[in-house]
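K.L.:
structure, please.
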Amino acid sequence: MQKSPLKELWRGKKGLSKADQPCAIFLPGSEVPNWFSHQAIGSSISFHVPSLAEGEIQGLLICAVYAAKDENKATASAPFAIVNNKTRGHQETFRPTFRPVPETCEDHYCVCHIPLKSYGFEMESEEEIEVSIRAGHAIEVSKCGVHLLLVPNTINEYGSLVEYSHSETAAEDALDLICVKRGRDDNEAGPSNETAENCSKRLRFESEAQE
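P.N.:
Numbers count the residues shown, from 1 in each chain. The predicted structure follows:
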């Protein structure tokens with residue numbers, strides 16, 4: 001099977017981060033990918049955790065569409081997330097390990113993987129969760145979305161229920177959907193396409209430009 005350039009880049013960025021720390025990638029774009037099950041206009045979103053018969057929540061993918069209020073050659077603090085379990089009264093701030101972002105008026109979106117289990121942050125069915133995206137004063141978040149990463153349950157050969165898979169795999173598979181969707185949209189738009197490989201190259205270029 002051919003390796004996804006975006007997935008390989010994601011693994012590279014994870015390698016530069018501390019173990020079990022939030023990690024994010026940034027791409028040009030003005031929409032939250034449609035497979036994010038919870039979406040909202042603005043910088044915050046609230047939802048109730050659905051039935052978890054399929055497995056246990058191991059992490060979150062959080063997406064934020066943002067742009068600078070004014071074009072500037074400087075950099076600004078990148079968006080970060082505050083996750084609040086309003087049912088339990090438990091709140092945590094998650095800051096991905098990456099450098100500041102360029103101040104540009106062009107819409108971008110970031111996708112951040114948050115390994116909840118590593119922080120002891122739990123959520124169960126029917127609990128109310130609020131996710132708020134914060135950024136520097138020069139950056140405005142216009143849209144946001146949340147996707148739950150589940151570790152499915154399975155029955156082993158002895159008839160016992162065990163956990164299977166890992167949230168990292170789920171996060172990487174979900175990232176494949178981003179470039180697949182971008183490639184499909186570009187094919188419909190015409191010859192000025194940005195395929196998954198080009199998507200990865202552009203992301204790498206932007207990452208290097210921040211160094």
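K.L.:
in the chain, which strand has the most residues?
P.N.:
Longest strand in the chain by number of residues (criterion: DSSP state E): strand 139-155.
K.L.:
what helices or strands is that one leaning on?
P.N.:
Packing contacts for strand 139-155, counted by 3 or more CB pairs under 8 Å, 6 or more residues apart in numbering; DSSP states H and E, involve strand 38-41, strand 44-48, strand 55-68, strand 128-134, strand 161-163, helix 167-189. To be clear about C-beta, it is placed using only N, CA and C from the backbone, and glycine gets the same treatment.
K.L.:
and the closest residue to K86 other than its chain neighbours, what does it touch?
P.N.:
Spatial nearest neighbour of K86, excluding adjacent residues (CB to CB, 6 or more residues apart in numbering): E128 at 4.4 Å. The contact partners of E128, by CB atoms under 8 Å, 6 or more residues apart in numbering, come to S46, F47, H48, N85, K86, T87.
K.L.:
pretty sure K117 contacts Q58?
P.N.:
Yes - at 5.3 Å, K117 counts as touching Q58 under the criterion of CB atoms under 8 Å.
K.L.:
which one's more surrounded, these two?
P.N.:
Q58 (20 against 16; other CB atoms under 10 Å).
K.L.:
pLDDT at the more buried one, what is it?
P.N.:
Q58 is assigned a pLDDT of 84 by the prediction.
K.L.:
next: P28.
P.N.:
We have a pLDDT of 91 for P28.
K.L.:
please apply the same query to Y158.
P.N.:
The model reports Y158 with a pLDDT of 44.
K.L.:
ditto for A189
P.N.:
A189 is assigned a predicted lDDT (pLDDT) of 43.
K.L.:
hang on, the earlier thing: the longest strand of the chain pairs with which strands, and in what direction?
P.N.:
strand 38-41 (antiparallel), strand 55-68 (antiparallel), strand 161-163 (antiparallel) (DSSP bridges).
K.L.:
got the angle between that strand and strand 44-48?
P.N.:
With axes from the mean of the first three to the mean of the last three CA atoms, to 10 degrees defining the directions, strand 139-155 sits at 20 degrees from strand 44-48.
K.L.:
just the buried positions in strand 139-155, please.
P.N.:
Judged by neighbour count (16 or more other CB atoms under 10 Å), strand 139-155 contains these buried residues: I139, V141, K143, C144, G145, V146, H147, L148, L149, V151.
K.L.:
average pLDDT for that strand, rounded please.
P.N.:
Averaged across strand 139-155, the pLDDT comes to 82.
K.L.:
same question for stretch 89-109.
P.N.:
In this model, stretch 89-109 has a mean pLDDT of 85.
K.L.:
residues in contact with F36?
P.N.:
So F36 contacts L61, C63, G145, V146, H147 (CB under 8 Å, 6+ apart).
K.L.:
and it, how far from V151?
P.N.:
For F36, the distance to V151 (CB to CB, to the nearest Å) stands at 19 Å.
K.L.:
ok, now which ones touch A76?
P.N.:
A76 makes contact with A68, P100, V101, P102, E103, A135, G136, H137, A138, I139, according to CB under 8 Å, 6+ apart.
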